[in-house]
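Visitor: Pasting a predicted model and its sequence here:
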Amino acid sequence: MIAKNTVCIWYDHDAEEAANFYASTFPDTTVTAVHLAPSDYPDGKKGDVLTVEFTVAGIPCIGLNGGPAFKHTEAFSFQIATDDQAETDRYWNAIVTNGGEESQCGWCRDKWGISWQITPRVLTEAMEAGGDTAKRAFEAMMPMKKIDVAMIETAVRGQPA
């Protein structure tokens, strides 16, 4: 069944490689179909991979090999909730060591330019709590690249780092 709403992500020419990487990295992520171009198009030839259908953590996506015309920005990102430091490290390291790069506050970018927020639940819960708890967690997070769960937990308790 075709989803009513699907995220379409523009890739230069490597949507299938990206989708396979996501499927090998994140749970509930699969590549469901690869479609070849029926004829030549501005940035490809008949028979090239044109679109790839996949899910990322259950979210339906289509990767479109549209060529180099458009670049990704942080205005779009996937946010992956993690339960502990080990899970945070696993996803972060998979993205960064596969040609990606670190950013700030739990954000990183994969080698295709897609932004990811690898966000431990302890941080999300602290922000939802509001007040001083949220303020302490937020201030602890601001200088971080990859989120340090222990430091967030310490901040939530109101203890010095």
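Guide: Noted; the coordinates are in hand. Residues are numbered from 1 along each chain as shown.
Visitor: quick one: low-confidence ranges for the protein?
Guide: 1, 160-161 (pLDDT under 70).
Visitor: What ranges does it have for its strands?
Guide: 7-11, 31-36, 49-56, 59-65, 77-82, 101-102, 107-109, 115-120 (DSSP state E).
Visitor: Adjacent strands (with direction) for the second one?
Guide: The one in question is strand 31-36. strand 49-56 (antiparallel) (DSSP bridges).
Visitor: what's the spacing between the strand it pairs with and its chain's center?
Guide: 15 Å (Cα atoms, centre = their mean, to the nearest Å).
Visitor: thinking again about what came up before, in a markdown table, list the strands of the chain along with distance to Pro42 and mean neighbour count.
Guide: The way it works is simple: take the backbone N, C-alpha and C, and place the C-beta from them, glycine included. What follows is those, written out as a markdown table (distance: least, Cβ to Cβ, whole Å; neighbours: other Cβ atoms under 10 Å):
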| stretch | distance to Pro42 | mean neighbour count |
| --- | --- | --- |
| strand 7-11 | 13 | 18 |
| strand 31-36 | 16 | 14 |
| strand 49-56 | 12 | 21 |
| strand 59-65 | 11 | 19 |
| strand 77-82 | 28 | 17 |
| strand 101-102 | 29 | 13 |
| strand 107-109 | 26 | 21 |
| strand 115-120 | 26 | 21 |
